[in-house]
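**Student:** return atomic coordinates for the entry below.
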Amino acid sequence: VQLQASGGGLVQAGDSPRLSCAASGGTFSNYAVGWFRQFPGEARDFVAAISWGGGGTIYEDSVRGRFTISRDNAKNTVYLQMNSLKPEDTAVYYCAAGPNYGVTGYDYDYWGQGTQVTVSS
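**Tutor:** Next up is the predicted model:
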C-alpha cells in the first residue's frame, strides 16, 4: 500500500485546513488508518485513528474536539479536518495504514511521506 499525504502548508492560527491521505496498491478498506505528527527534534506522536469501516475513531487529548478524522473507502482516502489550529500544532503530519486500529506506530505497516503544517500566530 502506498500512501500520499497532502493538504499541509502555511496557515494562520484559527484556520481550518483539511489533510488528505490517498492510498493505492491495496484493498484500502482492510486497513485502519492513523495520523501522527512530528515536532522538530522529537519522535512521532499519535494524533488520530479511524477503524477499517470508519465506525470507530480515536483522538489524542490535545486535538479531541478540534480535529476530525474520516474516510471515504470508495475514494481510498482518509481525511483529517483540523479546526481552530494553534501554533503548537505546527509539525510534519504523517498518515499510516495497517491491520491494527491503535495509537502507536507499531500498529501501522505503511507510512506516507508527511506533509508540513505550519501555523503562524
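**Student:** you'd agree residue 58 is up against residue 104?
**Tutor:** No: Residue 58 lies out of contact with residue 104 (Cβ atoms under 8 Å); the separation is 11.2 Å. The C-beta positions use only the backbone N, C-alpha and C, and glycine is treated the same way.
**Student:** more neighbours: which of the two?
**Tutor:** residue 58 (17 against 12; other Cβ atoms under 10 Å).
**Student:** which ones are touching the residue minimising distance to the centre of the chain?
**Tutor:** With distances taken as Cα atoms, centre = their mean, the chain has residue 35 as the residue nearest its mean C-alpha position (2.6 Å). Residue 35 makes contact with 19, 21, 47-49, 69, 78, 80, 93-96 under the criterion Cβ atoms under 8 Å, 6 or more residues apart in numbering.
**Student:** pLDDT weak spots in this structure?
**Tutor:** Within the chain, not a single segment meets pLDDT under 70.
**Student:** burial count for the closest residue to residue 120 other than its chain neighbours?
**Tutor:** Nearest residue to residue 120 in three dimensions, chain neighbours excluded: residue 12, at 5.5 Å (Cβ to Cβ, 6 or more residues apart in numbering). Residue 12 has 11 neighbours, counted by other Cβ under 10 Å.
**Student:** roughly how far does residue 12 sit from residue 42?
**Tutor:** Distance from residue 12 to residue 42, counting by Cβ to Cβ, to the nearest Å: 24 Å.
**Student:** could you say which helix or strand holds the closest residue to residue 91 other than its chain neighbours?
**Tutor:** The shortest distance from residue 91 to any non-neighbouring residue, by Cβ to Cβ, 6+ apart, is to residue 37 (3.9 Å). Using DSSP states H and E, residue 37 falls within strand 32-38.
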